[in-house]
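Student: Sharing a model that was predicted from the sequence below.
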Amino acid sequence: MKKFPLDKVRNIGLAAHIDAGKTTATERILFYTGKVNRMGEVHEGNAVMDWMEQEKERGITITSAATTCFWRDCRINIIDTPGHVDFTAEVERSFRVLDGLVILFCGVGGVEPQSETVWKQANRYNVPRIGFVNKLDRVGASFDNTVRMMKEKFEIPCIPVTLPIFTGENFSGVADLVRMKAIRYRDESLGKEFVEDEIPGDMKNRCLELREELLGELADYNEEIMHHVVDGTEVTEEAIKSALRKGVDDIAIVPVFCGSALRNKGVQLLIDGIIDYLPSPLDMPRVSGVNPKTGEEEVRNHSEEDPFSAVVFKVANDPFVGKLHYLRVYSGKLNTGDRILNATNDRRERFTRALVMHADSRENVEELHAGDIVAVIGLKHSTTGDSLCDIKHPIKMKMMKFPEPVISVAIEPQTKADDEKLSKALQRLSDEDPTFRITVDEETRQTLISGMGELHLEVLVERMLREFNVKANVGRPHVAYRETITSGTRSEGKFIKQSGGKGQYGHVVIEMAPAPGKGFSFVNKITGGVIPKRYIPYVKEGAREALLAGPVNGCPVIDVEITLVDGSYHEIDSSDIAYHIAGSKAVTSGVRKAGPVLLEPIMDVEIILPTEYVGDVMNDLNARRAKVEGLHHRSDGQMISALTPLADMFGYATTLRSLTQGRAIYTMEFSHYNPVSDEILARIQGRMRGLA
């Protein structure tokens, strides 16, 4: 494949709320750039980027897919991400390696729940972005309303750079506010042919008004535009584009495009916007990390002159070539077969082949270069989030963080022949998906699989059957409960054992306190060598182990700060294992004294439905212990926002279809954990005893 200079490379992603048209827009981009000869359609099950069987059947994106296309002598590496909240890990790990982002919005629904989630994820990774308001051909679509919602929700200047010429059934083209031209499309050419014309007279004043608003936002980025704002002098197209690019790079401005991907309108201007406004690797900050040998900070420039560095952002099992590791290369270059270091686990690796991916098809490449997004074959010791680097110049970059699973089901093989196949299938799926967990219940010896939602686990079980030919029985879903403490306490742990020869001696004193939202934190306040430094890590590990099963219901204990404040040691008998056990005992004792409570996951639920069904749906939510946060009017009906315990939401899709004659949709994502009441605790414990 032809090599491109870094200033001609764009590593971008498409993200949005479910059903906003990401995959359809990606299909149009591939068609107009000449990557494919015909456009696939999601509703027909032949979209190139939705290549999994489950994606074709369900009409949704489940796994992020990578591809490469070319436009205006530039190379665009694209990652199409899922919109469903159950697959948020796919979005998270994609954002970690992207330089720019296109966020799509439905012209009818506006800023929807998952739109806000995606925006927050982009903020977390400081990804520059542009917006695209899609589906403006639909009845009830409003570009102005969607842009207004963007400004209100995101508190950042979201400035139109194109404007629709009519909406709904009359939507015929877009007005380009940078060049002040109207673009009208010939439907029979699938949008490939269009005519540039003067902006219609009835739109001219509105376009001039929005253009002045745009220039006002850009005045700080360009002297020529500043003179225009002050003196009314002419401003060039190049000056506007240059200023917009700077504003996007600073994540201070979001240019907003418009169109209808399904009707083939407005997509070419969006591709131009990707080239003109989203950053190249050279525009991004230098990559920083830590040298694992020295502990000192290291940086890498986006350049082939610097030592090789890359991040594994995705692992996938390919039926033809085996395990694929997707890399984002930040610096340096590498040839197939070269040895590299995994700085995360200090293991050496050699990859045998490198591939440029196009959904599920591939093209061999011999070299990796800074700025590449590729898949490699042959890595044995690497997983999602690991840092790969030059052996002589190690650098460990920031790890990704993934949400904890909130739902579990028991799974068992149907026959003995399926037993070994099930173990292998579970391990491979766990390697791919960092939010998929496998545990064994110590009491029942059942294998439990955990994930982000019912759909997430349903898809994984289907994959076991189809890809790994495993027949398994799946139990009812279970909620992933947690425990925490409600007060501070001080406790002591001792492990003293004498047995004729060398004994065992470990003694620690800890203080515990609630730490909402922090998970587990350990603070060492030992001074004067009361406990030798070499034993402190073993106290910490013992403490962490003790929190795996709490006293209320045997669930993991979270949001606790443990401070090691005192203890003692024996010059001869003290050992690693003794302090591990002493730390565990101290924490177990402390949790029991600190007011332990059971926590249940609370979900943020948003339901979009016709007005006539609001009463029935509200009554049903109240029966599910929901706390209704608000009822909002929309152009296509009403939206109910509620916080609801996950335990009462299983099977909700079927109930909602029944209540609304199939005319409502809903999204549900994890919000926070809440303590359960005594009544609910008794019900949960009774149910658990029944299962045992």
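Tutor: Happy to help now that I have it. None of the values given here were measured: they were computed from a predicted structure.
Student: Where is the longest strand in the protein?
Tutor: Longest strand in the chain by number of residues, with DSSP state E as the criterion: strand 597-609.
Student: Toward the C-terminus, what is the element adjacent to it?
Tutor: helix 614-623 (DSSP states H and E).
Student: what's that next one packed up against?
Tutor: The contact analysis (3 or more CB pairs under 8 Å, 6 or more residues apart in numbering; DSSP states H and E) places helix 614-623 against strand 597-609, strand 627-634, strand 637-645, helix 652-660. C-beta: built from backbone N, CA, C; applies to glycine.
Student: mind checking which of those is nearest residue 143?
Tutor: Residue 143 lies closest to strand 627-634 among the helices and strands packed on helix 614-623, at 15.4 Å (CB to CB).
Student: So what angle separates the directions of that closest one and helix 614-623?
Tutor: Orientation check (axes from the mean of the first three to the mean of the last three CA atoms, to 10 degrees): strand 627-634 against helix 614-623 gives 160 degrees.
Student: Now strand 627-634: buried residues?
Tutor: Neighbour counts over strand 627-634 (16 or more other CB atoms under 10 Å) mark residue 634 as buried.
Student: Return the distance of that strand from the chain's centre.
Tutor: Between the centre of strand 627-634 and the centre of its chain there are 26 Å (CA atoms, centre = their mean, to the nearest Å).
Student: do stretch 457-475 as well
Tutor: Using CA atoms, centre = their mean, the mean C-alpha position of stretch 457-475 is found 24 Å from that of the whole chain.
Student: how about that stretch as PDB, C-alpha atoms only?
Tutor: C-alpha atoms of stretch 457-475 as PDB (Å, rounded to 0.1, in the frame of the first residue of the first chain):
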ATOM      1  CA  LEU A 457     -24.400 -11.600  26.900                       C
ATOM      2  CA  GLU A 458     -26.900 -12.700  24.300                       C
ATOM      3  CA  VAL A 459     -24.600 -11.900  21.400                       C
ATOM      4  CA  LEU A 460     -21.600 -13.600  23.100                       C
ATOM      5  CA  VAL A 461     -23.600 -16.800  23.700                       C
ATOM      6  CA  GLU A 462     -24.700 -16.700  20.000                       C
ATOM      7  CA  ARG A 463     -21.000 -16.400  19.000                       C
ATOM      8  CA  MET A 464     -20.100 -19.400  21.100                       C
ATOM      9  CA  LEU A 465     -22.600 -21.500  19.100                       C
ATOM     10  CA  ARG A 466     -21.800 -20.100  15.600                       C
ATOM     11  CA  GLU A 467     -18.100 -19.400  15.800                       C
ATOM     12  CA  PHE A 468     -17.000 -22.100  18.200                       C
ATOM     13  CA  ASN A 469     -19.800 -24.700  17.700                       C
ATOM     14  CA  VAL A 470     -20.400 -24.900  21.500                       C
ATOM     15  CA  LYS A 471     -23.800 -26.000  22.700                       C
ATOM     16  CA  ALA A 472     -24.500 -24.600  26.200                       C
ATOM     17  CA  ASN A 473     -27.300 -24.000  28.600                       C
ATOM     18  CA  VAL A 474     -27.700 -20.500  29.900                       C
ATOM     19  CA  GLY A 475     -29.400 -19.600  33.200                       C
END
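Student: Could I get the buried residue list for that stretch?
Tutor: Buried residues in stretch 457-475, counted by 16+ other CB under 10 Å: 457-461, 463-464, 468, 470, 472.
Student: so who does the residue most central in space within the chain touch?
Tutor: With distances taken as CA atoms, centre = their mean, the residue of the chain nearest its centroid is residue 92 (2.1 Å). Neighbouring residues of residue 92 by CB atoms under 8 Å, 6 or more residues apart in numbering: 121, 400-402.
Student: on that earlier part again, in a markdown table, list the helices and strands packed on helix 614-623 along with distance to residue 439.
Tutor: Converted to a markdown table, the helices and strands packed on helix 614-623 look like this (distance: least, CB to CB, whole Å):
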| stretch | distance to residue 439 |
| --- | --- |
| strand 597-609 | 17 |
| strand 627-634 | 31 |
| strand 637-645 | 22 |
| helix 652-660 | 25 |
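Student: In a helix, residue 448, correct?
Tutor: No. Residue 448 is assigned strand when assessed by DSSP: H, G, I helix; E, B strand; the rest coil, not a helix.
Student: Check the gap between it and residue 108 for me.
Tutor: Applying CB to CB, to the nearest Å, the value for residue 448 to residue 108 is 41 Å.
Student: Looking at those two, which one has more neighbours?
Tutor: The neighbour comparison of residue 448 against residue 108 (other CB atoms under 10 Å) goes to residue 108, with 22 against 18.
Student: For the protein, give me the ranges with low pLDDT.
Tutor: Applying pLDDT under 70 to the chain flags the ranges 1, 40-63, 83-86, 359-360, 442-444, 500-501, 687-692.
Student: coming back round to it: next, the angle strand 627-634 makes with the longest strand of the chain.
Tutor: Angle of strand 597-609 versus strand 627-634, following the same axes, to 10 degrees, is 20 degrees.
Student: ok, now which ones touch residue 400?
Tutor: Applying CB under 8 Å, 6+ apart, the residues near residue 400 are 92-93, 96, 313, 384-385, 434.
Student: Also residue 635?
Tutor: Counting by CB under 8 Å, 6+ apart, residue 635 touches 108, 140, 142, 145.
Student: Hmm, residue 431 is touching residue 381, no?
Tutor: No. Using CB atoms under 8 Å, residue 431 is not in contact with residue 381; the gap is 11.6 Å.
Student: more crowded one of the two?
Tutor: residue 431 (15 against 12).
Student: Now the more buried one: which helix or strand?
Tutor: Using DSSP H and E, residue 431 falls within helix 416-432.
Student: and after that helix, which helix or strand comes next?
Tutor: Counting by DSSP H and E, the next helix or strand C-terminal to helix 416-432 is strand 437-440.
Student: Just the CA trace of that next one, in PDB.
Tutor: What follows is strand 437-440, C-alpha atoms only, in PDB (Å, rounded to 0.1, in the frame of the first residue of the first chain):
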ATOM      1  CA  ARG A 437     -15.700 -11.600  32.700                       C
ATOM      2  CA  ILE A 438     -15.600 -15.300  33.700                       C
ATOM      3  CA  THR A 439     -15.800 -16.500  37.300                       C
ATOM      4  CA  VAL A 440     -16.700 -19.700  39.200                       C
END
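Student: so what secondary structure elements neighbour it?
Tutor: helix 416-432, strand 447-451.
Student: Going by neighbour count, list what's buried in that strand.
Tutor: The neighbour-count check on strand 437-440 (16+ other CB under 10 Å) flags nothing as buried.
Student: do stretch 528-543 as well
Tutor: Judged by neighbour count (16+ other CB under 10 Å), stretch 528-543 contains these buried residues: 531, 535-536, 538-543.
Student: Could you save these as CSV and add columns showing distance to residue 320 and secondary structure?
Tutor: Listed next are the buried residues of stretch 528-543 as CSV, based on distance: CB to CB, whole Å; DSSP: H, G, I helix; E, B strand; the rest coil:
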residue, distance to residue 320, secondary structure
531, 55, coil
535, 51, helix
536, 49, helix
538, 46, helix
539, 49, helix
540, 44, helix
541, 42, helix
542, 46, helix
543, 46, helix
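Student: okay if I get those residues as a markdown table plus distance to residue 682?
Tutor: Output for these, formatted as a markdown table (distance: CB to CB, whole Å):
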| residue | distance to residue 682 |
| --- | --- |
| 531 | 42 |
| 535 | 42 |
| 536 | 41 |
| 538 | 38 |
| 539 | 36 |
| 540 | 35 |
| 541 | 34 |
| 542 | 32 |
| 543 | 30 |
